[in-house]
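A.B. asks: What follows is a predicted structure for the sequence shown.
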Amino acid sequence: DIQMTQSPSSLSASVGDRVTITCRASQSISSNLNWYQQKPGKAPQLLIYAASSLQSGVPSRFSGSGSGTDFTLTISSLQPEDFATYYCQQSYSTPRTFGQGTKLEIK
Amino acid sequence: EVQLVESGGGLVQPGGSLRLSCAASGFTLSGYWMHWVRQAPGKGLVWVSRINSDGSNTNYADSVRGRFTISRDNANNTLYLQMNSLRAEDTAVYYCARELTGDRRFDYWGQGTLVTVSS
């Protein structure tokens, strides 16, 4: 199974900050990497797919990059509604493993 | 509008069984692979199981293989997860999710149903 490792596990930031979350796969997954946002008590929502493609309806302050084993999710200017937990997921093979999550909190 | 609505969760004793359902609307279920993902209280997302479009191929996480069975009724646009021999560590919110063909993103998720395994 492919292991996904996110860093950091938690992050404190302020509104307007630029934030980057990283995700590393245990083997090459090409560009088969998705990012999800989850708010408390809610289902995850897709933000980025295929490493860098923005899901319809997602604000352009979210962006993704990377290929192979190393990936990043960047939020260019944090908004109050962005404080949530973020997960990466590989879609290269089954099982479709997730990272452990990064909790983004208000500083 | 695409919707996925889970049901069937609840409190069950260790060793018991439950069947979860995921009712799909706004799209034709037969065109998509479907997944179950779970989340234990305060923990992260864990992939559980996957079924292909016509139900002929399934996969399971090691932790549930041999105890859980995924199935689908495309005629009635419903996905299922039969859970047997339940353990305390199966306690979680269970989500169904649709996988898009091609880039294999999970583009729609249900709201989740809580399964609690406790005596």
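C.D. replies: Yes, it's here.
A.B. asks: Would you agree B:Trp109 is in contact with A:Ala43?
C.D. replies: Yes: under the criterion of C-beta atoms under 8 Å, B:Trp109 makes contact with A:Ala43 at 4.1 Å. For glycine as for every other residue, the C-beta is placed from the backbone atoms N, C-alpha and C.
A.B. asks: Run through the bridge partners of the closest residue to B:Met34 other than its chain neighbours.
C.D. replies: Closest residue to B:Met34 apart from its sequence neighbours, by C-beta to C-beta, 6 or more residues apart in numbering or on different chains: B:Leu79 at 4.9 Å. When bridges are called by DSSP bridges, B:Leu79 pairs up with B:Cys22, B:Arg72.
A.B. asks: re earlier: can you work out which residues contact both of B:Trp109 and A:Ala43?
C.D. replies: Common neighbours of B:Trp109 and A:Ala43, using C-beta atoms under 8 Å, 6 or more residues apart in numbering or on different chains, are B:Tyr95.
A.B. asks: List, one by one, the residues from chain B near chain A.
C.D. replies: Residues of chain B lying near chain A by C-beta under 8 Å from any C-beta of the partner chain: B:35, B:37, B:44-47, B:50, B:59, B:61, B:95, B:99, B:103-107, B:109-112.
A.B. asks: now, which of those residues lie within strands?
C.D. replies: In strands, defined here by DSSP state E, the members of the residues of chain B next to chain A are B:35, B:37, B:45-47, B:50, B:59, B:95, B:99, B:106-107, B:109.
A.B. asks: How about the secondary structure of the residue nearest to A:Ser31 when sequence neighbours are not counted?
C.D. replies: Closest residue to A:Ser31 apart from its sequence neighbours, by C-beta to C-beta, 6+ apart: A:Ala51 at 4.1 Å. Recorded secondary structure, A:Ala51: coil (DSSP: H, G, I helix; E, B strand; the rest coil).
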